Structure formats: structure tokens, C-alpha cells
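Asker: predicted model, plus sequence, below.
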Amino acid sequence: VSKGPGNTKVAKSTAVPPGPPVYLDLVYIPNHSNSKNVDVEFFKRVRSSYYVVSGNDSAAEEPSRAVLDSLLEGKAQWESNMQVTLIPTHDSEVMREWYQETHEKQQDLNIMVLASSSTVVMQDESFPACKIEL
């Protein structure tokens, strides 16, 4: 936080600074997909075939609708329309609403949301899982 005119506090962004894009195969969206650290600039710069969207805490706004919208806005500015797969780690109301409300834009931008009905069983525990092939 820095002091602006009249000693008013101005919040500085802690997100990715502007610069050339970085291309990766798989990216885990940081901070449980919270909008404090991920914005449009993140998706303009950090370009990936797969993004893992974690977060299952609606009180903490995780995953954040703003982050999901930032993906759409950032991806729209890429020079190519390469396919991007979004992998949610939890079934959340935010993710379901975003998917339904932006489905047409996702298709235009070549973004696929991977839903999984697979389950992994380990010892006495079972949990949902997604298979990712790179």
C-alpha cells in the first residue's frame, strides 16, 4: 500500500506485472483462485494449456468469479486461439454459475472446462479426481 495525494491509501496490485508472455503446459492458479493475486494481467502473461482452479470456500470467495472472468478477458487478448482446459478441483456454485453464464464465450475462446466423475480410492478414503494427459 502506498500513500497517494492527501495521504489517501492506494492499494498496489500484487499480481503479475506487465511483460512478455510465458508459455506453460500446466498452471495451478495461485492462492485458491482468489482475486487478490490473480487478475487479467496474469492470464495475459501466464499462458497455459491447462489451468487448475482450486478453492471451495464461498465465504472467502474461492474460487473467485473475478478470476474466472479474468481468464476470459486475458485469453481474448492472446494472438492464437489455442485450446485451454480449465480443471476445477471442487464442484462449487461459483464455478457452475460461471460455466453456465459464460459458456458461449468459453466456446468462442476455445476454453473447455473439465468435469470429472472419476473417483480415486486410497486405503479407507475416496475422493474425486481428474486424469490429465500432457
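Answerer: Cool, got the structure. Numbers count the residues shown, from 1 in each chain.
Asker: worst-scoring helix or strand of the chain, pLDDT-wise?
Answerer: strand 9-10 (a mean of 46; mean pLDDT, DSSP states H and E).
Asker: what's the following helix or strand after that strand?
Answerer: Proceeding C-terminally, strand 9-10 gives way to strand 22-28 as the next helix or strand, assigned by DSSP states H and E.
Asker: now do the closest residue to Pro30 other than its chain neighbours against Gln107, distance only.
Answerer: Nearest non-adjacent residue to Pro30, counting by C-beta to C-beta, 6 or more residues apart in numbering: Asn37, 5.3 Å away. All C-beta spots, glycine's among them, are computed from the backbone N, C-alpha and C. According to C-beta to C-beta, to the nearest Å, Asn37 and Gln107 sit 28 Å apart.
Asker: of those two, which one has the most company?
Answerer: Taking Asn37 and Gln107 together and counting by other C-beta atoms under 10 Å, Asn37 has the greater number of neighbours (17 against 10).
Asker: wait, isn't that one in contact with Val46?
Answerer: No - taking C-beta atoms under 8 Å as the contact criterion, Asn37 and Val46 are not neighbours in contact, 11.6 Å apart.
Asker: can you give me the strands in the chain?
Answerer: When assigned using DSSP state E, the strands of the chain occupy the ranges 2-3, 9-10, 22-28, 46-53, 84-88, 111-113, 118-122, 125-129.
Asker: closest one to Glu101 among those?
Answerer: Between Glu101 and those, the shortest separation by C-beta to C-beta is 12.4 Å, and it involves strand 111-113.
Asker: who does that closest one pair up with?
Answerer: strand 84-88 (parallel) (DSSP bridges).
Asker: for stretch 85-95, give the mean pLDDT please.
Answerer: Per-region confidence: stretch 85-95 scores 87 on mean pLDDT.
Asker: that one spans what distance, first to last residue?
Answerer: In terms of C-alpha to C-alpha, to the nearest Å, the two terminal residues of stretch 85-95 are separated by 14 Å.
Asker: quick one: residues contacting the closest residue to Gln77 other than its chain neighbours.
Answerer: What sits nearest to Gln77 in space, not counting adjacent residues and going by C-beta to C-beta, 6+ apart, is Lys44, at 5.4 Å. Contacts were defined as C-beta atoms under 8 Å, 6 or more residues apart in numbering; by that measure Lys44 touches Pro21, Gly74, Gln77, Trp78.
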